[in-house]
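**Student:** No letters, just coordinates:
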């Protein structure tokens, strides 16, 4: 089998005169024993020849793994996690601009500062336990679990790159201390809450509530809805785009998951849209498509070319709505006015030059009362009316009906005996079916 051990302190051949081995020029310097000659495996030196950490043991292990194609040189993991992320993992990550921005924020906020200084091949169970402990101190359950998922994918790529032999994130003992996934059961709003929140909005934005409840649009899809998407004659709304924020810039983009869809347009909503547009006419808005960066190729120039659409809902000045500012200035005050969340805390803020003071309002975290609640209400009304879940899934833009059932199964009506009655009717139509009065039934009784 290929491979041998060389003694670097003594010559291989003895002195022809004395018959004894001679000292080499390296005698007493560095590690004595060198393993070499294994195809595809770098030479490695050792202090000792025998023992569990000696040259003999390593040679046997390397020969076996090399023959099976499983050998990973541990020295390939002699770089820090931060270096591996910067140089190898991050350049390989793909996705749309907004998703990449989210991933980068999580990795460089919750992984690199806490674990990035460790050697890649030194990240094992004990290091991961310490990481989880530190992570829980700075991040909520959802963020912590997301960061752990990214870390696991990074270490898995390192395994596949033959930088390390194992991804210890898969070990149950390493996961000890990770929070459980927070239970976020979708909750629909009652009609009185919907109307109370709607009443608290500026008249210009009240139709947004109708769009959320009436056809289940996401907030960004409402922002990106064009009057050309409203086909009243066919009784449908074409959901073709949303407005997304990339850094500080806005872009038009496909709906979530890239799934355009058609949603039935209720008669009442068609009338509401007519009234709204009569009072607040549609405004043309031009934004880049998907990516706001300067294109670097002809393909990017074509793919990212700006588009112009006549939007049904815009800011007071006529421009596109921004999610963060609209939520702070319109949605949360409306939630407060409706009694959904508490009054905001008033904080004094000093300008950077220390000369001016202003009062800012700090609202409580209200993720469960976000605009998405209107979409949950849309789903609830349809499922409670026993609409086909497959159709509801299609209207919501879910990739698969199983997603709809997982999120909204608790909103479906309880069994009320209709299935039992249907089964009785099915059997009754078969003259040979088992029944209590039949000979089979009498015998069984």
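**Tutor:** Noted; the coordinates are in hand. As the structure is a prediction and not an experimental result, all values here were calculated from the model. Numbers count the residues shown, from 1 in each chain.

**Student:** since we're on residue 410, how many residues are nearby?
**Tutor:** 10 (other C-beta atoms under 10 Å). C-beta here means a position set from N, CA and C on the backbone, and glycine is covered the same way.

**Student:** Give me the neighbour count for residue 282.
**Tutor:** By the measure other C-beta under 10 Å, the count of residues near residue 282 is 19.

**Student:** Distance of it relative to residue 229?
**Tutor:** 11 Å (C-beta to C-beta, to the nearest Å).

**Student:** Same question for residue 295.
**Tutor:** As for residue 295, its distance to residue 229 is 27 Å (criterion: C-beta to C-beta).

**Student:** what about those two, which has more around it?
**Tutor:** A count of neighbours by other C-beta under 10 Å puts residue 229 above the other of residue 295 and residue 229, at 20 against 14.

**Student:** Need the residue closest to the centroid of the chain.
**Tutor:** Closest to where the C-alpha atoms of the chain average out (C-alpha atoms, centre = their mean) is residue 146, at 7.1 Å.

**Student:** Run a quick neighbour tally on the nearest residue to that one once chain neighbours are set aside.
**Tutor:** In this structure, residue 146 finds its nearest non-sequential neighbour in residue 106, 5.7 Å apart by C-beta to C-beta, 6 or more residues apart in numbering. By other C-beta under 10 Å, the residues close to residue 106 number 17.

**Student:** which stretch of helix or strand covers residue 142?
**Tutor:** In the assignment (DSSP states H and E), residue 142 maps to helix 141-160.

**Student:** which secondary structure elements does that helix contact?
**Tutor:** Judged by 3 or more C-beta pairs under 8 Å, 6 or more residues apart in numbering; DSSP states H and E, helix 141-160 is in contact with helix 81-84, helix 97-110, helix 125-138.

**Student:** Report the buried residues of the next helix or strand after the second one.
**Tutor:** Past helix 97-110, further along toward the C-terminus, the next helix or strand under DSSP H and E is helix 112-115. By neighbour count on 16 or more other C-beta atoms under 10 Å, the buried set for helix 112-115 is 114-115.

**Student:** Quick one: mean pLDDT for helix 112-115?
**Tutor:** Average pLDDT, helix 112-115: 95.

**Student:** Below-threshold pLDDT in the stretch 51-200 of the chain: ranges please.
**Tutor:** When residues are selected by pLDDT under 70, those of the stretch 51-200 of the chain lie in 64-75, 182-183.

**Student:** again, only using 80
**Tutor:** 58-59, 61-77, 162, 181-185 (pLDDT under 80).

**Student:** ok, now how distant is the residue nearest to the centre of the chain from residue 105?
**Tutor:** Going from residue 146 to residue 105 by C-beta to C-beta gives 10 Å.

**Student:** Please apply the same query to residue 296.
**Tutor:** Between residue 296 and residue 105 the distance is 23 Å, computed by C-beta to C-beta.

**Student:** what do you get for residue 390?
**Tutor:** Distance, residue 390 to residue 105, by C-beta to C-beta: 36 Å.

**Student:** Give the other helices and strands that the helix or strand hosting residue 381 contacts.
**Tutor:** Take DSSP H and E as the rule and residue 381 turns out to sit in helix 372-384. With contacts taken as 3+ C-beta pairs under 8 Å, 6+ apart, helix 372-384 sits against helix 206-215, helix 389-396, helix 401-408.
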